[in-house]
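Peer 1: Here you go, sequence then predicted model.
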Amino acid sequence: MIKSMKCILFSFVATTAAAQYTGTYDSEYIRQLWNGCYQASLMTQQHPTIASVMCDCMVDQTRRTYTKQELIEMPERVKMFTRLTEICSELIKLRYGGAKPV
């Protein structure tokens, strides 16, 4: 599991510079995604700064990977967001290297 997670992380990190958003999300929907993520993070007692960084990553990764219509029609959206949470946690650790993202 750890090995496959590292492969996924490497893939995301290696393609981040060239990644393009799908361009199918309107601003209101992006705000709704981010706010839903943020509210859920706060409910788990996550620090607001960490929650903000995490939700930025989650929304960015979602917009890079799926179109709005794919996301709306996705039957296992919770499972996908759970996986993205794990990926974003690792990306944030790599980015900040133990330093707090403040």
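Peer 2: Thanks, I have it.
Peer 1: longest helix in the chain, by residue count?
Peer 2: When the chain is parsed with DSSP state H, its longest helix is helix 77-96.
Peer 1: What residues of that helix count as buried?
Peer 2: Along helix 77-96, these residues count as buried under the neighbour rule (16 or more other C-beta atoms under 10 Å): Met80, Phe81, Leu84, Thr85, Ile87, Cys88, Glu90, Leu91, Ile92. Heads up, the C-betas are built off the backbone N, CA and C, glycines and all.
Peer 1: show me where pLDDT drops low in this protein?
Peer 2: Residue ranges of the chain with pLDDT under 70: 1-20, 98-102.
Peer 1: could you redo the last one with a cut-off of 90?
Peer 2: Across the chain, the ranges flagged by pLDDT under 90 are 1-24, 46, 92-102.
Peer 1: export the buried residues of helix 77-96 to a markdown table and tack on distance to Gln45?
Peer 2: Supplementary listing: these in a markdown table, determined by distance: C-beta to C-beta, whole Å:
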| residue | distance to Gln45 |
| --- | --- |
| Met80 | 23 |
| Phe81 | 18 |
| Leu84 | 20 |
| Thr85 | 15 |
| Ile87 | 21 |
| Cys88 | 18 |
| Glu90 | 21 |
| Leu91 | 21 |
| Ile92 | 17 |
